[in-house]
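>>> return a 3D structure for these sequence lines:
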Amino acid sequence: MSDAVLSARTALVTGASSGIGWETARLLAGHGATVLVHARTTAEAEAAVERLVAAGARRDQLVELAADFTKLSEVAVLAGTVVEHYPSLDLLVNNAAATAPERCTLTDDGNEVSLQVNFLAAHLLSKLLRAPLSAAGDARIVNVSSSLHRTASMNWSDPHRVKKYSRVAAYAQSQLALTMATAAMAPAGSGVTAVSVNPGLCDTALLPLYGRVGAPAAEGAAAVVRLCLPETVVANGVYFDGEVIASPAPVTQEERSLKRLAKLADQLVGRAA
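This is a model prediction of the structure:
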């Protein structure tokens with residue numbers, strides 16, 4: 001693939017060291033984009049870039065970035081690096097995700113780990129990268145969600161689920177929060193459009209949480225990358241199931257719940273914002 005439709009565009013892909021994130025980076029590079037390849041550590045980012053080059057990407061298209069999303073301070077530093085070096089950012093693909101552990105695990109920031117990695121990091125990035133996204137003129141945020149969000153509910157009184165923990169419920173809540181917050185990541189007048197997508201059940205590190213056989217990660221990535229292409233018409237806040245517009249969980253349309261989530265998210269990211 002080398003149609004160069006994205007040759008003048010810069011994309012940040014979080015969680016790009018493996019799975020759908022890595023395949024998304026590969027496909028975006030194939031379309032000519034400059035891809036900021038995020039991974040948890042510098043070594044993982046460098047390894048991902050080397051594999052991308054081996055898969056046919058040009059080295060000068062790729063930039064490795066590292067940040068451990070279990071530390072909100074590192075998310076903020078990552079955003080600062082992007083703002084400093086890329087005053088215009090065309091695409092933000094919030095793909096980084098972690099399974100919820102067997103036992104309730106809190107980060108040093110005090111947040112349940114999957115809620116922080118899967119949602120709060122994306123919430124913080126979308127805020128801290130608002131300037132370069134707006135400067136791009138027609139930027140897009142693509143949130144990689146999950147069909148499991150439809151099974152979830154927000155535990156407003158105990159968002160970290162310390163009192164009654166279930167790893168599936170915690171993970172599903174993180175994906176619900178991400179889907180609910182999508183439209184707000186691109187406020188009116190920002191020049192940004194944000195959408196969320198369920199890429200389908202793929203053979204990635206998250207597969208054991210579903211307990212079924214998954215499709216190749218490249219198939220899920222194709223659904224993500226399609227939403228990054230200028231030829232694909234998108235509207236803010238829309239949820240896609242693969243390539244098809246679908247109905248998300250009803251709570252994603254409840255104004256009161258959306259405002260409540262925005263307030264909660266701002267509180268949980270705290271000083272990092």
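
>>> and stretch 138-145, what's buried?
A139, R140, I141, V142, N143, V144, S145 (16 or more other C-beta atoms under 10 Å). No exception for glycine: its C-beta is placed from N, CA and C like everyone else's.

>>> now do that stretch: distance to the chain's middle.
Once both centres are worked out by C-alpha atoms, centre = their mean, to the nearest Å, stretch 138-145 turns out to sit 8 Å from its chain's centre.

>>> which element, helix or strand, includes F240?
According to DSSP states H and E, F240 maps onto strand 239-241.

>>> ignore the last one, A131
Using DSSP H and E, A131 sits in helix 130-135.

>>> contact partners of the next helix-or-strand element following that helix?
Per DSSP H and E, the first helix or strand lying C-terminal to helix 130-135 is strand 139-144. With contact meaning C-beta atoms under 8 Å, 6 or more residues apart in numbering, strand 139-144 is reached by 20-21, 89-95, 97, 122, 126, 133, 178-179, 182, 185-186, 191-197, 199, 224, 227-228, 234.

>>> describe which strands strand 139-144 pairs with in its sheet and in which direction.
strand 91-94 (parallel), strand 192-198 (parallel) (DSSP bridges).

>>> and the helices in the chain, which stretches?
For the chain, helices defined by DSSP state H occupy the ranges 19-30, 42-54, 72-85, 113-115, 121-128, 130-135, 167-181, 207-210, 217-226, 255-269.

>>> next, count neighbours for the residue lying closest to W156 once chain neighbours are set aside.
Nearest residue to W156 in three dimensions, chain neighbours excluded: R260, at 6.7 Å (C-beta to C-beta, 6 or more residues apart in numbering). Residues within reach of R260, counting by other C-beta atoms under 10 Å, total 14.

>>> what's the spacing between R260 and A177?
11 Å (C-beta to C-beta, to the nearest Å).

>>> list the residues that contact both of these two?
M154.

>>> give me the buried entries from the contacts of strand 139-144.
Of the contacts of strand 139-144, these count as buried by 16+ other C-beta under 10 Å: 20-21, 89-95, 97, 122, 126, 133, 178-179, 182, 185-186, 192-197, 199, 224, 227-228, 234.

>>> I figured Y86 was touching L133, is that so?
No. Under the criterion of C-beta atoms under 8 Å, Y86 is not in contact with L133, lying 10.2 Å apart.

>>> let's have the buried residues of stretch 138-145 in JSON lines, adding distance to L264 and pLDDT.
Putting those into JSON lines (distance: C-beta to C-beta, whole Å; pLDDT from 0 to 100) gives the following:
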{"residue": "A139", "distance to L264": "26", "pLDDT": "98"}
{"residue": "R140", "distance to L264": "25", "pLDDT": "98"}
{"residue": "I141", "distance to L264": "20", "pLDDT": "98"}
{"residue": "V142", "distance to L264": "23", "pLDDT": "98"}
{"residue": "N143", "distance to L264": "17", "pLDDT": "97"}
{"residue": "V144", "distance to L264": "21", "pLDDT": "96"}
{"residue": "S145", "distance to L264": "18", "pLDDT": "92"}
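
>>> lowest-pLDDT helix or strand in this protein?
In the chain, no helix or strand scores lower on mean pLDDT, DSSP states H and E than helix 207-210, which sits at a mean of 50.

>>> where does the stretch 1-150 of the chain have low pLDDT?
Along the stretch 1-150 of the chain, segments meeting pLDDT under 70 span 1-2.

>>> can you do 90?
By pLDDT under 90, the weakly predicted segments of the stretch 1-150 of the chain are 1-4, 99-100, 146-150.

>>> alpha carbons of stretch 251-267, as PDB, please.
What follows is stretch 251-267, C-alpha atoms only, in PDB (Å, rounded to 0.1, in the frame of the first residue of the first chain):
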ATOM      1  CA  VAL A 251     -26.300   6.100  28.400                       C
ATOM      2  CA  THR A 252     -23.900   7.600  25.800                       C
ATOM      3  CA  GLN A 253     -26.800   9.900  24.800                       C
ATOM      4  CA  GLU A 254     -27.800  11.000  28.300                       C
ATOM      5  CA  GLU A 255     -26.700  14.600  28.800                       C
ATOM      6  CA  ARG A 256     -26.800  14.400  32.600                       C
ATOM      7  CA  SER A 257     -24.500  11.300  32.600                       C
ATOM      8  CA  LEU A 258     -22.200  12.800  30.000                       C
ATOM      9  CA  LYS A 259     -21.700  15.900  32.200                       C
ATOM     10  CA  ARG A 260     -21.200  13.700  35.300                       C
ATOM     11  CA  LEU A 261     -18.500  11.700  33.500                       C
ATOM     12  CA  ALA A 262     -16.700  14.800  32.300                       C
ATOM     13  CA  LYS A 263     -16.600  16.200  35.900                       C
ATOM     14  CA  LEU A 264     -15.500  12.800  37.200                       C
ATOM     15  CA  ALA A 265     -12.700  12.400  34.600                       C
ATOM     16  CA  ASP A 266     -11.400  15.900  35.300                       C
ATOM     17  CA  GLN A 267     -11.300  15.100  39.000                       C
END
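
>>> nice, that's everything, thank you.
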